[in-house]
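>>> The following comprises the amino acid sequence and a computationally predicted model.
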Amino acid sequence: MQRFILLLGITIATLSAQHLYAQVGGQRVFEFLEISSTAQITALGRQQVALGYDSSRVQEVTQFMFNPALNQPGLHQQVSIHYTPYYADIAQVSLGYSHHREAVGTFGVALQYLNYGSLESFDATGLPAGDFSAQDFAVVLNYSHEMRPFRLGGNLKWVNSQISGYAATGLLADVSGVFRHPTQDLTVALVFSNFGILLRDELSAGIRELPSDVKIGVSVKPQFMPFRFHFTAYRLINGYDYREEDGEELGIGGQILRHLSFGSELLLTPNFQLRVGYNHLTRSTLQLPQTAGGAGLTFGLMFRTNTFRVDYSRATLHAAGAFNQVGLSLNLDQIFLKKL
C-alpha cells in the first residue's frame, strides 16, 4: 500500500506539471457530468470512485454513474433516486436501476438531470427581453462483469445541454476496473470517464473540450476499526493555474492536494453510518480571503431497513452557504416478495 501511494503521488505530480496553467472550470462542455449525483459520494468528498463492498439488501444504485464497475449482482432489481436543491431554484435529480443476469452480467440505466430554473434575458440596450430556461441531462446505459478479483464496467452516455433553444449534444463513454482484495476490505479503482465525441455544438463558442478525466481511487477498512477510509486522485489529465492570488506559484504539495479528495465512514452498524469528506480543490479555489467558511467540507449519513435506504449529505462549497442532497433507494425484489 505504501508503494502504491508513493507511485500515485509521483504520477499526480508529473501529470500536474504537464498542465501547469490550465483553468479549473468554464473551459469544457458538459461539465455538469463532474457534479456528484449521489448523496454517498457527495458526503465523502464529492469525487470518490472506490467504494467498499456492501452486502446488505438495500444498496445505492446510481454510484455506477461515477464508476461503471461498481454495478454488481447485489444491486439486482434495486432503484435509487437523488434530489439536490441548489441555489436560486437550481436543482438536480438523478435516478438509476440495476438488473443482473447470471452468466451474462449486470446491467444498469440511469438519468442525471440538472435544471437551472427560469432566467431573465436582456437585449443589447439592457431592456428586459423575457425569461428563458436552461437544463443539462444525461442518459446512461451501463454494463459490468466480474472476473475475480476484478470487476470491469462501462457506461455509454447520451448527453445534452440546452440554453434558450440552443443545444449541445454528445456521445460519451466511461470505462473502469475495480480490484477487491479476496480477504481484506480493500478496493482499488481506475476510471477513464467522459471520453467521446461532440455531435452538435451551438453553445461553447469554439470551446470543444470534453470533461474527460482519469481517476484512481482507494477504499480501505482496517480489520479492527469501525472506519472505512477513502481517497481519490482525479483530474489527472486536466491541470490548473497553480498560482496563488499574489501570483506566487504553489509548491508541489499544494499542487498534489488539489487533485485529491478524502472521505471516511463511521460504520456504527450495517444499517447506520456517518460520513465526512474533504475536497482541497474546492476549499483552495472558493474560500474567501478573510475566511474559508467551511468550503470543501462535506458530511452525511445513511440509514436503511430491509426494503429501503436513505442517504443524506451536506456540502459546503463557499462561505455563502451549503447545499443538501438526499437519496432514497428501494429493493423492488423485496417489496414484491412481501406483497406475494
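Happy to help now that I have it.

>>> residues in contact with the helix or strand containing Ser219?
Using DSSP states H and E, Ser219 maps to strand 213-220. Residues outside strand 213-220 that contact it (C-beta atoms under 8 Å, 6 or more residues apart in numbering) are 1, 4, 8, 11, 34, 47-52, 67, 184-194, 228-238. To be clear about C-beta, it is placed using only N, CA and C from the backbone, and glycine gets the same treatment.

>>> Next secondary structure after that strand?
Defined by DSSP H and E, the subsequent element after strand 213-220 is strand 227-233.

>>> The helix or strand just after that following strand packs against which elements?
Next in sequence after strand 227-233, counting helices and strands by DSSP H and E, comes helix 252-257. Where contact means 3 or more C-beta pairs under 8 Å, 6 or more residues apart in numbering; DSSP states H and E, helix 252-257 is packed against helix 2-18, helix 280-286.

>>> Next one: the closest residue to Asn271 other than its chain neighbours from Val58, what distance?
Here the nearest residue to Asn271 in space, its sequence neighbours aside, is Arg304; by C-beta to C-beta, 6 or more residues apart in numbering that works out to 5.1 Å. As judged by C-beta to C-beta, to the nearest Å, Arg304 and Val58 stand 5 Å apart.

>>> again, but for His230
21 Å.

>>> again with Gly105
Where Val58 is concerned, Gly105 sits at a distance of 21 Å (C-beta to C-beta).

>>> So which of the two has more stuff around it?
Between Gly105 and Val58, counting by other C-beta atoms under 10 Å, Val58 is the more crowded of the two (24 against 18).

>>> Any idea how many residues pack against Ser36?
27.

>>> got a pLDDT number for it?
Note for Ser36: predicted pLDDT of 90.

>>> can you check the one 3 residues further on too?
Per-residue confidence at Ala39 stands at 95 (pLDDT).

>>> For Val175, see how far away it is.
Taking C-beta to C-beta, one finds Ala39 at 25 Å from Val175.

>>> what's the answer for Val93, then?
26 Å.

>>> Could you do Arg28 as well?
Arg28 is 19 Å from Val175, by C-beta to C-beta.

>>> what does Phe224 give?
When Phe224 is compared with Val175 (using C-beta to C-beta), they lie 36 Å apart.

>>> Among those two, which residue is more densely surrounded?
Neighbour count, other C-beta under 10 Å: between Phe224 and Val175, Val175 has more, with 15 against 5.

>>> Give me the common contacts of Arg304 and Val58.
Going by C-beta under 8 Å, 6+ apart, residues that sit against Arg304 and also against Val58 are Ser329.

>>> If you count neighbours, what's buried in the helix or strand harbouring Val175?
Following DSSP H and E, one finds Val175 within strand 166-180. By neighbour count on 16 or more other C-beta atoms under 10 Å, the buried set for strand 166-180 is Ala168, Thr169, Gly170, Leu172, Ala173, Asp174, Ser176, Gly177, Val178, Phe179, Arg180.

>>> Just the C-alphas of that strand, formatted as CSV.
Extracted in CSV, the C-alpha atoms of strand 166-180 (Å, rounded to 0.1, in the frame of the first residue of the first chain):
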residue,chain,number,x,y,z
TYR,A,166,-29.6,26.4,-28.4
ALA,A,167,-28.2,23.0,-27.7
ALA,A,168,-25.1,20.8,-27.5
THR,A,169,-25.2,17.0,-27.8
GLY,A,170,-22.5,14.4,-27.2
LEU,A,171,-22.0,10.7,-27.1
LEU,A,172,-19.6,9.8,-24.3
ALA,A,173,-18.3,6.7,-22.6
ASP,A,174,-16.7,5.6,-19.3
VAL,A,175,-14.5,2.5,-18.8
SER,A,176,-13.3,1.3,-15.4
GLY,A,177,-11.9,-1.5,-13.4
VAL,A,178,-12.2,-2.4,-9.8
PHE,A,179,-9.9,-4.7,-7.7
ARG,A,180,-11.4,-6.1,-4.5
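
>>> Centre-most residue in the chain?
Ser36 (3.5 Å; C-alpha atoms, centre = their mean).

>>> which SS state does it fall under?
coil (DSSP: H, G, I helix; E, B strand; the rest coil).

>>> contacting residues around it?
Ser36 touches Thr42, Arg46, Gln47, Phe66, Gln325, counting by C-beta under 8 Å, 6+ apart.

>>> These in helices, which ones?
Among these, the members falling in helices are Thr42 (criterion: DSSP state H).
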